[in-house]
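Asks: Make a model of this:
(chains A and B)
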Amino acid sequence: DAGVIQSPRHEVTEMGQEVTLRCKPISGHNSLFWYRQTMMRGLELLIYFNNNVPIDDSGMPEDRFSAKMPNASFSTLKIQPSEPRDSAVYFCASRTHSNQPQHFGDGTRLSIL
Amino acid sequence: TQLLEQSPQFLSIQEGENLTVYCNSSSVFSSLQWYRQEPGEGPVLLVTVVTGGEVKKLKRLTFQFGDARKDSSLHITAAQPGDTGLYLCAGALWSGGSNYKLTFGKGTLLTVNP
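Replies: The predicted structure is shown next:
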């Protein structure tokens, strides 16, 4: 079975540009999570969805960040405008129920110049 | 402020040695998970511990959940080069309704030298 699929794997762009990260969760999973990982702060939860509805976005750092889940098989994380401090690895994860493990994608390595 | 503190942050040992990684918090968790992450990949779940005092074994890895469900340890016996990776602990906290979210420690980067 295919795991969580993220695209692109790498993104390099200049500050001020809009960045869109994409995630396809595992089929049948009804919860989706966006995380950011840096050396300084580790792995941080940004936002998560249950049944396509945002449940907790308290980890979203600023209004420049937004996330959508238009259907059960697709989610986006958008940064507009991007800044160098947004450089990190962004992970998407999905799971079936709250007591089940999360399955992570391989991440998008984002570099903002 | 980091909710979950992991120690040590870095650990480099020789093949065959034993090691213990610690995960500590002042918060009580409904469960605690340990993940292993390799370069260029996402974290992969190793184990979930739920009950205070619970001990789980996965081959040469032994996981323990503290009695008060605030801390955990991972012990590796006779480490192998294949054990090299970033070990992350994550505590599950209730976030409303039937929802739980994970808060992660910064991880322990383990290198096992042949």
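
Asks: Mind listing residues that contact stretch B:83-99?
Replies: Judged by Cβ atoms under 8 Å, 6 or more residues apart in numbering or on different chains, the contacts made with stretch B:83-99 from elsewhere in the structure are A:42-43, A:50, A:55-56, A:98, B:3-4, B:6, B:21, B:23, B:25, B:27, B:29-38, B:43, B:60, B:72, B:74, B:76, B:100-105, B:107-112. No exception for glycine: its C-beta is placed from N, CA and C like everyone else's.

Asks: Distance of B:S73 relative to A:T96?
Replies: Summarising the geometry, the distance separating B:S73 from A:T96, computed by Cβ to Cβ, to the nearest Å, is 29 Å.

Asks: Who has more neighbours out of these two?
Replies: Per other Cβ atoms under 10 Å in any protein chain shown, whichever of B:S73 and A:T96 has more neighbours is B:S73, with 17 against 14.

Asks: give me the beta-bridge partners of the more buried one?
Replies: Taking DSSP bridges, one finds B:Y22, B:Q64 as the beta-bridge partners of B:S73.

Asks: How about the contacts made by it?
Replies: B:S73 makes contacts with B:T20, B:V21, B:Y22, B:C23, B:F63, B:Q64, as judged by Cβ under 8 Å, 6+ apart.

Asks: can you tell me the residue of chain B closest to chain A?
Replies: Distances between chain B and chain A by Cβ to the nearest Cβ are smallest at B:G42, namely 2.9 Å.

Asks: sorry, back to before: in a markdown table, list the contacts of B:S73 along with distance to A:K78, pLDDT and neighbour count.
Replies: Formatted as a markdown table, the contacts of B:S73 follow (distance: Cβ to Cβ, whole Å; pLDDT from 0 to 100; neighbours: other Cβ atoms under 10 Å in any protein chain shown):
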| residue | distance to A:K78 | pLDDT | neighbour count |
| --- | --- | --- | --- |
| B:T20 | 42 | 98 | 14 |
| B:V21 | 36 | 98 | 22 |
| B:Y22 | 38 | 97 | 16 |
| B:C23 | 33 | 96 | 28 |
| B:F63 | 38 | 97 | 23 |
| B:Q64 | 41 | 97 | 18 |
